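Student: need a structure here:
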Amino acid sequence: AIIHGLLKLPADSIVAIDQQRMRSLPLNTNEPMAPVREVRYSYSPMGQQMAIECNKYAWDIYNMSAKTTDINLALQVAEQGLRLYPLPALYDTYARLLYISGEKEKAMEQQRKAIAYQLKRNIPAMEFEKILREMETGTFKK
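Tutor: Okay, here's the model as predicted:
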């Protein structure tokens with residue numbers, strides 16, 4: 001199955017490949033360049049793409065099932081995704097899964113990470129902050 005394939009991804013080697021590729025990109029120096037000849041380099045890490053897939057699967061399970069076995073599988077997928085790349089949305093999904101599985105303190109810690117990574121990207125984290133407040137006050141509902 002696709003989910004089990006995601007769990008078997010060699011996260012450490014994928015992250016290492018991404019880091020190597022990022023280091024091989026030319027650094028943006030402050031040397032003046034003619035506007036016509038400006039060259040930009042971008043790289044979307046493989047780990048990031050795979051983490052997005054892990055988040056999709058974990059989120060779908062979170063939304064479609066309350067069975068303990070399903071939630072445990074979703075937690076494993078989310079953990080694997082976070083080993084691949086720290087996505088704010090994935091921290092949020094992981095936090096929600098932890099909360100409904102009874103690990104409330106760890107859930108709030110992960111939700112704080114979701115907020116921190118979202119803000120690090122200069123993106124408002126209002127929804128993540130709302131969920132954290134609900135977790136802290138015990139009013140969070142799936």
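Student: what ranges do the helices span in this structure?
Tutor: 2-7, 11-24, 46-64, 68-84, 88-100, 104-120, 126-137 (DSSP state H).
Student: now do the second one against helix 46-64, angle only.
Tutor: When you say that, I think you mean helix 11-24. Here helix 11-24 runs at 130 degrees with respect to helix 46-64, directions being taken by axes from the mean of the first three to the mean of the last three C-alpha atoms, to 10 degrees.
Student: now what about helix 11-24, what contacts it?
Tutor: 43, 45-48, 50, 80, 83-85 (C-beta atoms under 8 Å, 6 or more residues apart in numbering). Yep, even glycine has a C-beta here, placed from its N, CA and C like the rest.
Student: quick one: residues contacting residue 104.
Tutor: Neighbours of residue 104 in contact, by C-beta under 8 Å, 6+ apart: 98, 135.
Student: what do you get if the cut-off is 10 Å, keeping everything else the same?
Tutor: Counting by C-beta atoms under 10 Å, 6 or more residues apart in numbering, residue 104 makes contact with 95, 98, 135-136, 138, 140.
Student: before we move on, back to that, now the helices of the chain in JSON lines, with mean pLDDT?
Tutor: Formatted as JSON lines, these follow (pLDDT from 0 to 100):
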{"stretch": "helix 2-7", "mean pLDDT": "67"}
{"stretch": "helix 11-24", "mean pLDDT": "80"}
{"stretch": "helix 46-64", "mean pLDDT": "93"}
{"stretch": "helix 68-84", "mean pLDDT": "95"}
{"stretch": "helix 88-100", "mean pLDDT": "98"}
{"stretch": "helix 104-120", "mean pLDDT": "97"}
{"stretch": "helix 126-137", "mean pLDDT": "98"}
